[in-house]
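[1] Structure here, sequence nowhere to be found:
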């Protein structure tokens, strides 16, 4: 490709509205342009990277035995009613009506379409296992699209769906996809981790997210210091502390705390260690229990894990905090003065709190706390659950080492759906026993557009983007210096361009009439891994200059050796 | 690919709702499945063909110097208002509102988005010429989607847009794309023709359609018997007949014609040759002239060419016929009795009619016609234009030979837009003279999903689909006979599968436990060009059986020679 033929569109300035570095660099490098909120046009340099990611994903998913299909972006609304997701997905599911006023949606994913296809096309267990996928445009009408293509409304996703006759089959399909994901992200040269993820109502351990590790990641991931255990903080289990409940050493006292509405104020004003305080959170109860509200009690310095809370039978999902009005009506005190002692509604206690003695908590009377509370003596303990986010240093739930937290960007997800969709949509086949058998499904997604942004979050420096070779927009840049004034330079550049292109190498030949500095900084900004500089001065010494984007190292290479040198670099 | 891993989904019966053969065969061969009216899921066999078409198109468009981008499917409505197409496209442009009630459309094409991009990104003529394209999902909300993916609502299109500083540049870009289209359709192995197409209000000869020739085509194309002239019948010029206007030989007489409301009745009842009759058609006039209605006069056996009529300054576009009520109000007679004599509104006469003498026409009095009308003597001739469709045998407008009509399916279109969009959207750059210069644009489309259907219309037989090698879903089928009973057969089949796959050949290995007849007819139906049958009997004689899908010929090939034989066939 010659720059003169290409749409380079680099920017010197960082656009104001781009917050994260990948968004900034994708705009500056001319990879994407915003068309409207959450809608981006992929310019040539962006699309080249996107297609490389897409092709690696396609090859590895094919190798895993999945078969490619292509489903419409516009899907009938009725299908989404069959599974109840028409309601559940809320406003993210964008609805539209066609000219005959029939309702449709823009596909955010395709469980319904694929399950409907398989129930029509597959009739016997002999046709299984089957894994169908597509790489197709998706749409989620995010309330607040942001970070460029990291969280856009229209995006490209690889979505695969496996169908098996039984759980063993599902497990095998799931393992094959797990491995395919690892091979794909390995080939892209990314630093990533598969981590255990929450499975919500479906339960079990059948869900992994794939995270590209980057400081800017929205997700926190907990790793073991000793094993390969890794889990999204949503999922990472907080073990009960070692040891037994210590005996009471203090009497329980009612204390006036007029200016202590928060844990921080309580700790500061009364010199109470924060590890001796608890937070009592009122949330909406599920229909499983009689009460409207249930209390969740965690240690003062811990955070509630909303996913763990939602997954409890007694708690309504999605999680909803009670309002101050509701709280006052129930206990006669505000949210800053709540606690387990004398509480007249059901409560659940976090594992860590269950082992606390002599602790302080609100008295359910405005401006008063009890200090020196002890379980059993002052209040019955009741149900104990894992309610909190893990923190660094917690023992790893795998039993080895302690937990370390890192940030990640979720780029893939694999999930054992079981019969969740197939039962609702009556997707069954004739089983080996001659009876209709509802299929076991798995679903698998990779956000291919998002991978590009995540890869840049992980691979950039002060000069711009520096992607791994496998997903860089071009492999080699040819930068001729003052080509339009030197026939020798032009000849050498044209020759090298032709030779490399004939070898199948993807070259960007910067044939613009620009100053060398502009050309260098453009090639660095868009992240071409290998650059050959061709200039009169070095040619007089029989050399070209080779520059490595990642290391920044420059090397004079004899003109006759340049092809061999590049081949070695690219190998 | 092993059939056991694949979704073959062939049907024995022809589905009732499929009218055209490509639709029937694509359903039977398991290439597509209907999701809703005009919305199709591409199953694996269909997608393989689609991707091959797409890749050939991509390569040839790249070779023509165009650069790939990807624009969103969902586009802001405002952009479409800038060019007025929000109105002009009518209900085919599907509108939707997002969660914040902002208006968007589903992209049927992308002139607005690309022109908006170029006006932002390109500032100097030095960055030109530029040709940007995408291969992306499109949506047109057809009133009556039909013929499967031939006229679906959601479809995949390659759409390219060239930007040049002047008309010469546009002409070069246009020629390059014309050649790229020819190379692409050549490589696909299709019998196609580039034909002159109508350019509507923009005028000039800057538009070609690319038609795949097939009996079932919706379009009529006029070819010269002697030259390579070809034009869509919409566009093909009907020359004036040779010779001069003959003198009158009859007096004009008013004749009672109570039962002759149509040309056919007139010809039958009065023994008038049809070549001596004319039809007078009342259509809405444009704002160019004072009248509301204008008459168009063509010979009794000819058809009005609506496009030619619309392109006249005096005629309203789109063409609209006057109602019987309007006609009666104007002339006091019904549509069966109209003619030029005594007509009190403007009329335009077809070239052929202008050279007719002694002809009959309605008298603008109910149930009466004039016979023996002669121009000049009985009525002034006035304006003469080409108003009719050409017919077979007409002299070719190229000056060589006569016209032959054939049917075609439009699969591509190239168009010199000129400044039509760039002026409305103020897309200009700094020209060589230092002034802002509005760009000359071309647009270029290939309906990639439609190409698949058109290719099948042209390439099928009683056994099913028989596509050219370059776009067949697989290159080779391996059909082992009773593999599950013979270890030799299984071993040979597995070896051949591995050897071919290692060579990069795309093989469908039919490893199902099916009767050989079922396997043969499936491989023929989906149209795999080369089949190797592996059976105990022929192996005892040291042979495999090779079958060619297109010729139907079978050949015994020595087992050791099979790879060489296939390589020759595939070359």
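    On my side now, so go ahead. Keep in mind that this is a model prediction, so the values were computed, not measured.
[2] Every contact and neighbour count from this point should use C-alpha atoms.
    Noted.
[3] Find the nearest non-adjacent residue to whichever residue of the stretch 301-450 of chain A sits closest to chain B, please.
    Residue nearest to chain B within the stretch 301-450 of chain A (CA to the nearest CA): residue A:449, separated by 11.6 Å. Distance criterion CA to CA, 6 or more residues apart in numbering or on different chains; nearest residue to residue A:449, sequence neighbours excluded, is residue A:156 at 5.5 Å.
[4] And the contacts of the helix or strand that neighbour falls within?
    Here residue A:156 sits within strand A:154-164, counting by DSSP states H and E. Applying CA atoms under 8 Å, 6 or more residues apart in numbering or on different chains, the external contacts of strand A:154-164 come out as A:38-40, A:57, A:66, A:109-111, A:114, A:128-140, A:149, A:170, A:173, A:439-450, B:72-74.
[5] same deal with stretch A:482-501?
    For stretch A:482-501, the external contacting residues (CA under 8 Å, 6+ apart) are A:478-481, A:506-507, A:509, A:511, A:513, A:515-516, A:534-536, A:563.
[6] so where's the longest helix in chain A?
    Using DSSP state H to define each element, chain A has its longest helix at helix A:167-188.
[7] can you give me the mean pLDDT across it?
    Mean pLDDT, helix A:167-188: 97.
[8] what residue is smack in the middle of chain A?
    residue A:410 (1.5 Å; CA atoms, centre = their mean).
[9] Next, count neighbours for the closest residue in space to that residue that isn't next to it in sequence.
    Ranked by CA to CA, 6+ apart and with sequence neighbours excluded, the top spatial neighbour of residue A:410 is residue A:211, at 4.4 Å. For residue A:211, the neighbour count with other CA atoms under 10 Å in any protein chain shown is 27.
[10] again with residue A:564
    Neighbour number of residue A:564 under other CA under 10 Å is 11.
[11] packing partners for the helix or strand that it is a member of?
    For residue A:564, the element it lies in under DSSP H and E is helix A:562-570. Where contact means 3 or more CA pairs under 8 Å, 6 or more residues apart in numbering or on different chains; DSSP states H and E, helix A:562-570 is not packed against any helix or strand.
[12] Quick one: end-to-end distance for stretch A:424-434.
    Stretch A:424-434 has an end-to-end distance of 21 Å (CA to CA, to the nearest Å).
[13] Please see if that stretch touches chain B.
    No: judged by CA under 8 Å from any CA of the partner chain, stretch A:424-434 stays clear of chain B, getting no closer than 14.5 Å.
[14] From the rest of the structure, what touches that stretch?
    Residues outside stretch A:424-434 that contact it (CA under 8 Å, 6+ apart) are A:82-83, A:115-116, A:118-119, A:122-125, A:165, A:422, A:435-439.
[15] quick revisit: OK, contacts around the residue of the stretch 301-450 of chain A closest to chain B?
    Counting by CA under 8 Å, 6+ apart, residue A:449 touches A:50, A:149-150, A:155-157.
[16] Assign a three-state SS to it, would you?
    Counting by DSSP: H, G, I helix; E, B strand; the rest coil, the backbone at residue A:449 sits in helix.
[17] Quick check: residues of the stretch 101-250 of chain A near chain B?
    Residues of the stretch 101-250 of chain A lying close to chain B (CA under 8 Å from any CA) are A:113, A:121-122, A:127-130, A:141, A:143, A:154.
[18] What's the first helix or strand after the longest strand belonging to chain A?
    In chain A, with assignment by DSSP state E, the single longest strand is strand A:403-418. Next in sequence after strand A:403-418, counting helices and strands by DSSP H and E, comes helix A:420-424.
[19] got the contact list for residue A:293?
    Listed by CA under 8 Å, 6+ apart, the contact set of residue A:293 reads A:282-285, A:322, A:345-346.
[20] Now do residue A:239 against chain B, distance only.
    42 Å (CA to the nearest CA, to the nearest Å).
[21] Quickly find the element holding that residue.
    Here residue A:239 is assigned to no helix or strand, by DSSP H and E.
[22] Help me confirm that it comes into contact with residue A:386.
    Yes: using CA atoms under 8 Å, residue A:239 is in contact with residue A:386, at 7.5 Å.
[23] any shared contact partners between those two?
    Counting by CA under 8 Å, 6+ apart, the residues touching both residue A:239 and residue A:386 are residue A:351.
[24] If you count surrounding residues, which of the two has more?
    residue A:386 (23 against 18).
[25] ok, that one to residue A:307 distance?
    Look at residue A:386 and residue A:307: by CA to CA, they are 11 Å apart.
[26] Which residue, neighbours along the chain excluded, lies closest to residue A:150?
    residue A:450 (5.0 Å).
[27] since we're on that neighbour, how many residues are nearby?
    Residue A:450 has 23 neighbouring residues, counting by other CA under 10 Å.
[28] That one contacts residue A:411, correct?
    Yes: using CA under 8 Å, residue A:450 makes contact with residue A:411 at a distance of 6.4 Å.
[29] Please see if stretch A:45-60 touches chain B.
    Yes: with CA under 8 Å from any CA as the criterion, chain B is reached by stretch A:45-60 at residue A:47.
[30] now that stretch, how far from the centre of its chain.
    18 Å (CA atoms, centre = their mean, to the nearest Å).
[31] In what element of secondary structure is residue A:278 found?
    strand A:278-284.
[32] Could you do residue A:494 as well?
    Assigned by DSSP H and E, residue A:494 belongs to helix A:487-502.
[33] Toward the C-terminus, what is the element adjacent to that helix?
    Criterion used, DSSP H and E; the element after helix A:487-502 is strand A:507-509.
[34] do that next one and chain B meet?
    No: residues of strand A:507-509 contacting chain B under CA under 8 Å from any CA: none, with a closest distance of 12.7 Å.
[35] list the helices and strands that strand packs on?
    strand A:476-480, helix A:487-502.
[36] Tell me how far that strand lies from the chain's centre.
    With CA atoms, centre = their mean, you get 34 Å for strand A:507-509.
[37] can the helix or strand that that strand is followed by be found next to chain B?
    As assigned by DSSP H and E, the chain's next helix or strand after strand A:507-509 is helix A:516-526. No: using CA under 8 Å from any CA, helix A:516-526 stays clear of chain B, with a minimum separation of 14.9 Å.
[38] Can you tell me which helices and strands helix A:516-526 packs against?
    Helix A:516-526 packs on strand A:464-465, strand A:476-480, going by 3+ CA pairs under 8 Å, 6+ apart.
[39] Could you report the distance from the closest residue to chain B within the stretch 51-200 of chain A to residue B:32?
    Closest residue of the stretch 51-200 of chain A to chain B, CA to the nearest CA: residue A:71 (4.5 Å). Applying CA to CA, the value for residue A:71 to residue B:32 is 10 Å.
[40] Overlap of the contact sets of those two?
    Shared contacts of residue A:71 and residue B:32 (CA under 8 Å, 6+ apart): B:40-42.
[41] Need those residues in TSV (columns: secondary structure, neighbour count and pLDDT).
    Converted to TSV, the shared contacts of residue A:71 and residue B:32 look like this (DSSP: H, G, I helix; E, B strand; the rest coil; neighbours: other CA atoms under 10 Å in any protein chain shown; pLDDT from 0 to 100):
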residue	secondary structure	neighbour count	pLDDT
B:40	strand	24	98
B:41	strand	22	98
B:42	strand	25	98
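[42] contacts with chain A among the residues you listed, please.
    With the criterion set as CA under 8 Å from any CA, the members of the shared contacts of residue A:71 and residue B:32 near chain A are B:40-42.
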